[in-house]
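how does the following fold in three dimensions:
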Amino acid sequence: MLSDALENFLADRGRPTPFLVLDPAVVVDRYAALAAAFPGAEILYAVKACPHPAVLRALVAAGAGFDAASPAEVALCTDAGAAPERICAGNPVRGASATAACHTAGVRRFVTDSPEDLDEIAAHAPGSDVLVRVLVDDSGSATPFSGKFGATPAAAVDLLRACASRGLVATGVTFHAGSQQTRPATYAAGVATALEVAREAGLHRPVLDIGGGLPVAYRSEVPGFAEFAAAVGEHDVRLVLEPGRALVAEAGVLRTSVLRVSRRPGVDHRRWVYLDAGRYQGLAETENEAIGYPLRTPGRDGPAGPVVPAGPTCDGDDVLYRRTPCSLPLSLRAGDHVDLLAAGAYTASYASVGFNGFGPLPVHVVPAQD
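Numbering: from 1, shown residues only. Predicted coordinates:
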């Protein structure tokens, strides 16, 4: 169900498409729900999910901190009013210049997963607090990390022990269970691994950062925040979460227009519906059909039939769903609108800057409600 503010905005059918529209009040509501499920935890919003200034300002006002992947994201947070001490530089492949820039901006918390990066932090962010990212199982997620990040538990222990000799403060352990993770048990296993690493490294009351990945109910139900909180359990730690999708997805709708509806005899029994936004205009998460956005067609109803939705570019990969079942009204015509719901996360921030001449995805923010 969309917020009244989103519905009111979308009632104006005359705005040029495609565009993303956001309701920051929904983000604040999701933040409050997450804080209630994890009382006492520090919540660091993963800026990459949706870095729009209106979202960041709303979260600053709500009391959130931030997980930033680059100096540019750090600047977005501080411009929105965030204190640097509430920002964690969470990308362990920053590079020396980025580490130095984050430190110059006042950031004093860094995540690492390699001896090479630890040396860069020591050289360019002296005295900083360090979290070591440990590799955990991320099966059950829509987008696993496939080993790109995270040290093995033994290597993580070594990194934590090495901090003191480099003038750094080993504060705890972090992990990420994969994006759109639907299995609470995966978090329970990650917590067990992280706590064992912290114990082996001799940390007393460590930071336990369980990362992000909490899921959104796109086309099917997912466990709620309370189920994930129960899986994490209660421990003598300083608990940190880094949600992105779970806070902003439901705050956004991506409106598109139909360019053409085609029958393709000999190719597919389904109609092909070409939209003015696709893989390169904000729908990157349809790659491998990882995220199945709910679709609606305002102004069109009646009997429906199967379709293959595709984007507007000349790239053969610019097809949203070949396997994911999609059904749209048989009356659908060029010029009609198709809305993709729960599209606030990883859409505008993923859009290309000009592939095939299509510009970045415009973003609107609904007026604040009284």
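
what about residue 259, how many neighbours?
Residue 259 has 15 neighbours, counted by other Cβ atoms under 10 Å. From N, CA and C alone the C-beta is placed, and that goes for glycine too.

okay, the nearest residue to it once chain neighbours are set aside: pLDDT?
Ranked by Cβ to Cβ, 6 or more residues apart in numbering and with sequence neighbours excluded, the top spatial neighbour of residue 259 is residue 274, at 4.4 Å. In this model, residue 274 is scored at 98, pLDDT.

next, residue 274: secondary structure please.
strand (DSSP: H, G, I helix; E, B strand; the rest coil).

right, and it touches residue 313 too?
No: here residue 274 lies out of contact with residue 313, judged by Cβ atoms under 8 Å, at a distance of 10.1 Å.

for the longest strand along the chain, C-alpha coordinates in PDB please.
Longest strand of the chain, by residue count under DSSP state E: strand 252-264. The C-alpha coordinates for strand 252-264 follow below in PDB (Å, rounded to 0.1, in the frame of the first residue of the first chain):
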ATOM      1  CA  GLY A 252       9.500   5.100  -3.800                       C
ATOM      2  CA  VAL A 253       7.500   4.500  -6.900                       C
ATOM      3  CA  LEU A 254       9.100   4.400 -10.400                       C
ATOM      4  CA  ARG A 255       6.600   5.600 -13.000                       C
ATOM      5  CA  THR A 256       7.200   4.600 -16.600                       C
ATOM      6  CA  SER A 257       5.200   5.000 -19.800                       C
ATOM      7  CA  VAL A 258       4.500   2.300 -22.400                       C
ATOM      8  CA  LEU A 259       6.300   3.000 -25.700                       C
ATOM      9  CA  ARG A 260       4.900   0.000 -27.500                       C
ATOM     10  CA  VAL A 261       3.000  -3.200 -27.000                       C
ATOM     11  CA  SER A 262       4.000  -5.800 -29.600                       C
ATOM     12  CA  ARG A 263       3.000  -9.300 -30.500                       C
ATOM     13  CA  ARG A 264       6.000 -11.300 -31.700                       C
END
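
how far does that strand sit from the chain's center?
25 Å (Cα atoms, centre = their mean, to the nearest Å).

what pairs with it, parallel or antiparallel?
Partners of strand 252-264 in the sheet, by DSSP bridges, are strand 19-22 (antiparallel), strand 268-275 (antiparallel), strand 337-340 (antiparallel).

contacts for it?
Residues outside strand 252-264 that contact it (Cβ atoms under 8 Å, 6 or more residues apart in numbering): 2, 6, 10, 15, 17-23, 50, 271-277, 282-283, 293, 312, 332-345, 347, 361.

same check, this time on stretch 333-342
2, 10, 13, 17, 216-218, 249-250, 252-261, 273, 275, 283, 293-300, 309, 328, 332.

wait, residue 281 touches residue 361, no?
Yes: under the criterion of Cβ under 8 Å, residue 281 makes contact with residue 361 at 5.5 Å.

now for the two: what residues contact both?
Each of 18, 351 lies in contact with both residue 281 and residue 361 under the rule Cβ under 8 Å, 6+ apart.

what about these two, which has more around it?
More neighbours surround residue 281 than the other of residue 281 and residue 361, with 31 against 21 (other Cβ under 10 Å).

per-residue confidence at that one?
96.

one step back: tell me, how many neighbours does the residue nearest to residue 259 end up with?
Residue 274 has 20 neighbouring residues, counting by other Cβ under 10 Å.

circling back to that earlier point, would you list the buried entries among the contacts of strand 252-264?
Among the contacts of strand 252-264, those classed as buried by 16 or more other Cβ atoms under 10 Å are 2, 6, 10, 17-23, 50, 271-277, 282-283, 293, 312, 332, 336-345, 347, 361.

so how far is residue 197 from residue 151?
For residue 151, the distance to residue 197 (Cβ to Cβ, to the nearest Å) stands at 9 Å.
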